[in-house]
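>>> model this:
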Amino acid sequence: MSELDVSTVTTAPSPLLLADGRPAAEAWSLDPAHKHVNHGSFGAVPVVAQQEQNRLRAEMDRSPGVWFPGLSARVAAARAEVAAFLRVAVDDLALVPNASGGASVVYTNVPARPGGEVLVTDHGYGAVTMGAQRLARRWGGTVRTAHVPLDADEDRAYEAVLAGITDATGLIVLDHITSATARWMPVERIGRVARERGIPLLVDGAHVPGLAEDPLAGLDCDVWVGNLHKFGCSPRGTAALVARGPLRDDLHPLIDSWGAPEPYPARFDTQGTVDVTSYLAAPTALGFVEDTWGWDTARAYMRTLADYAERIVGDAFAELTGESSSVDVGMPVNALRLVRLPDGLGATHAAADALRDRVAAELGVEAAFTSFGGVGYLRLSTHVYNTAADFEYFAEHCVPVLGAWARTQHDAHLTSQ
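This next block holds a predicted model:
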């Protein structure tokens with residue numbers, strides 16, 4: 001992944017438009033009373049995909065006795081379209097509700113390693129790491145956490161993870177793109193080592209679909225999971241699980257249903273009476289972006305807009321605090337960026353979540369705040385419906401308020417001492 005340089009970014013990109021000349025945002029149903037600069041957390045579903053899912057739900061409820069017996073064939077067809085989008089073999093891909101659910105599939109089916117270790121990093125997504133901890137407890141083993149410096153380039157990140165592998169390692173869990181720190185990890189290089197040593201590798205690619213043209217190119221891992229509801233804009237509750245290698249044929253869904261005797265991945269296509277209309281509507285969402293702009297154009301726009309957003313929001317914070325707010329994440333992502341918050345804001349996971357909720361309630365902006373190593377960050381996300389005005393608004397209206405909140409918190413801390 002190439003490094004991004006925002007040092008020369010001064011011009012806002014022209015907004016993307018629909019075929020009829022309307023702003024791209026009009027293809028979504030996002031509340032216009034809010035500014036939306038956090039696509040990366042929960043995604044946003046185009047109206048056409050919402051309509052398709054609603055149509056499918058209506059069909060399901062009109063004739064459930066017809067719908068459910070024929071559902072597995074429809075899921076298999078949607079799965080084939082998703083596999084084409086991700087450029088993987090359809091027989092390697094199963095559909096699951098989300099990336100965390102896909103990780104749980106691995107934790108449930110990976111061969112037992114009594115007393116073994118699960119290797120994670122300190123950038124891992126909380127829920128996925130919690131699952132790793134539960135697996136380690138079942139093994140009577142431990143979780144080993146590799147510390148990867150936030151600014152580590154590919155070589156340093158690789159060496160940091162490699163140093164955590166021991167003779168007791170029974171599973172490696174590694175982010176493709178990290179959630180809290182908005183950076184890539186060297187999964188391809190770690191994958192080669194894991195395969196050589198016979199250690200299963202689970203890659204959490206929750207944010208990757210839509211951001212990488214060919215997400216699994218050059219990647220050798222046992223299981224890769226990625227959410228389609230984030231940058232792919234599919235209805236929520238849709239993710240891909242791609243399995244290759246020794247674990248593949250032993251993977252089973254979390255629900256044992258009538259498809260249980262089927263081979264992988266067909267056994268995942270039948271999940272009883274679970275509403276999987278999100279799976280069936282996913283190709284509509286993916287196709288909408290491709291047909292309207294093309295995914296290559298969409299990714300280029302997201303990157304250029306993120307360059308601009310990072311620059312103007314970072315400059316606004318720097319002007320306020322007198323200190324640089326730029327963040328070196330070593331292996332930056334095209335549509336996700338970090339900007340350092342003033343001291344005292346969002347320094348823990350709980351504080352970052354509370355700040356997210358307060359900003360939404362009081363400032364009318366849906367934004368993401370994260371923490372790493374006791375430091376709080378604003379995580380900027382861009383998508384095709386965003387424009388430069390969204391981030392200019394944040395820089396002009398939100399940054400001063402956040403600065404005031406930081407000063408108030410600082411003064412309260414001094415008073416309490």
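
>>> can we go C-alpha only for contacts and neighbour counts from here?
Noted.

>>> Would you mark the buried spots in stretch 34-44?
Residues of stretch 34-44 classed as buried by neighbour count (16 or more other CA atoms under 10 Å): 35, 36, 37, 38, 39, 40, 41, 43, 44.

>>> Sorry, slip of the keys, the one I care about is stretch 356-376.
Within stretch 356-376, judged by 16+ other CA under 10 Å, the buried ones are 356-357, 359-360, 364-372, 375-376.

>>> Which of these fall within strands?
Among the buried residues of stretch 356-376, the members falling in strands (DSSP state E) are 365, 366, 368, 369, 370, 371, 372, 375, 376.

>>> who does the closest residue to the fourth one other than its chain neighbours bridge with?
Closest residue to residue 369 in three dimensions, ignoring its sequence neighbours and counting by CA to CA, 6 or more residues apart in numbering: residue 378, at 4.6 Å. When bridges are called by DSSP bridges, residue 378 pairs up with residue 339, residue 369.

>>> what's around residue 378, how many residues?
27 (other CA atoms under 10 Å).

>>> A helix includes residue 150, no?
No - read with DSSP: H, G, I helix; E, B strand; the rest coil, residue 150 is coil and lies in no helix.

>>> Distance across stretch 266-279, terminal residue to terminal residue?
14 Å (CA to CA, to the nearest Å).

>>> again with stretch 206-220
End to end - CA to CA - stretch 206-220 spans 17 Å.

>>> just to revisit the earlier point, so which of the buried residues of stretch 356-376 would you say is closest to residue 64?
residue 366 (37.6 Å; CA to CA).

>>> farthest-separated two in the buried residues of stretch 356-376?
For these, with distances taken as CA to CA, the pair at the greatest spread is 364 and 372 (25.3 Å).

>>> What is the lengthiest helix in the chain packed up against?
The longest helix of the chain (DSSP state H) is helix 295-321. Applying 3 or more CA pairs under 8 Å, 6 or more residues apart in numbering; DSSP states H and E, we find helix 295-321 packed against strand 336-340, strand 375-381, helix 388-393, helix 399-416.

>>> got the contact list for residue 299?
210, 211, 334, 335 (CA atoms under 8 Å, 6 or more residues apart in numbering).

>>> how much space between residue 198 and residue 167?
Applying CA to CA to residue 198 and residue 167 gives a distance of 11 Å.

>>> buried ones in stretch 91-109?
91-108.

>>> Show me those residues that map onto strands.
Per DSSP E, the buried residues of stretch 91-109 map to strands at 93, 94, 95, 96.

>>> in the sheet, who's paired with the second one?
Partner residues in beta bridges with residue 94: residue 241, with DSSP bridges as the criterion.

>>> what sits against it?
Residue 94 neighbours (CA under 8 Å, 6+ apart): 79, 240, 241, 242, 264, 265, 266, 268, 269.

>>> Kindly reformat those residues as CSV containing distance to residue 21, pLDDT and neighbour count.
Listed next are the contacts of residue 94 as CSV, based on distance: CA to CA, whole Å; pLDDT from 0 to 100; neighbours: other CA atoms under 10 Å:
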residue, distance to residue 21, pLDDT, neighbour count
79, 33, 98, 25
240, 33, 98, 27
241, 37, 98, 26
242, 38, 98, 26
264, 45, 98, 21
265, 42, 98, 24
266, 43, 98, 21
268, 41, 98, 26
269, 40, 98, 26
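
>>> can you put those residues in TSV and add distance to residue 311?
Below are these laid out as TSV (distance: CA to CA, whole Å):
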residue	distance to residue 311
79	39
240	33
241	35
242	36
264	46
265	44
266	47
268	44
269	45
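
>>> Okay, buried residues for the helix or strand harbouring residue 55 please.
Per DSSP states H and E, residue 55 falls inside helix 47-62. Neighbour counts over helix 47-62 (16+ other CA under 10 Å) mark 47, 49, 50, 52, 53, 56, 57, 60 as buried.

>>> Got the domain ranges for this protein?
Using automatic domain parsing, the domain parsing of the chain gives 24-33+294-416, 49-288.

>>> Of all the ones you listed, which one comes closest to residue 13?
domain 24-33+294-416 (6.2 Å).

>>> chain center to the closest one: distance?
Chain-centre distance of domain 24-33+294-416: 17 Å, with CA atoms, centre = their mean, to the nearest Å.

>>> Skipping adjacent residues, who's closest to residue 377 in space?
Nearest to residue 377 is residue 340, by CA to CA, 6+ apart, at 4.6 Å.

>>> I'd like the mean pLDDT over stretch 309-317, please.
When pLDDT is averaged along stretch 309-317, the result is 97.

>>> and if you look at stretch 343-352?
Here the average pLDDT along stretch 343-352 is 96.

>>> so what's the most centrally placed residue in the chain up against?
Geometric centre of the chain, nearest residue: residue 207, 2.5 Å, by CA atoms, centre = their mean. By CA under 8 Å, 6+ apart, residue 207 lies in contact with 40, 177, 179, 226, 227, 230, 231.
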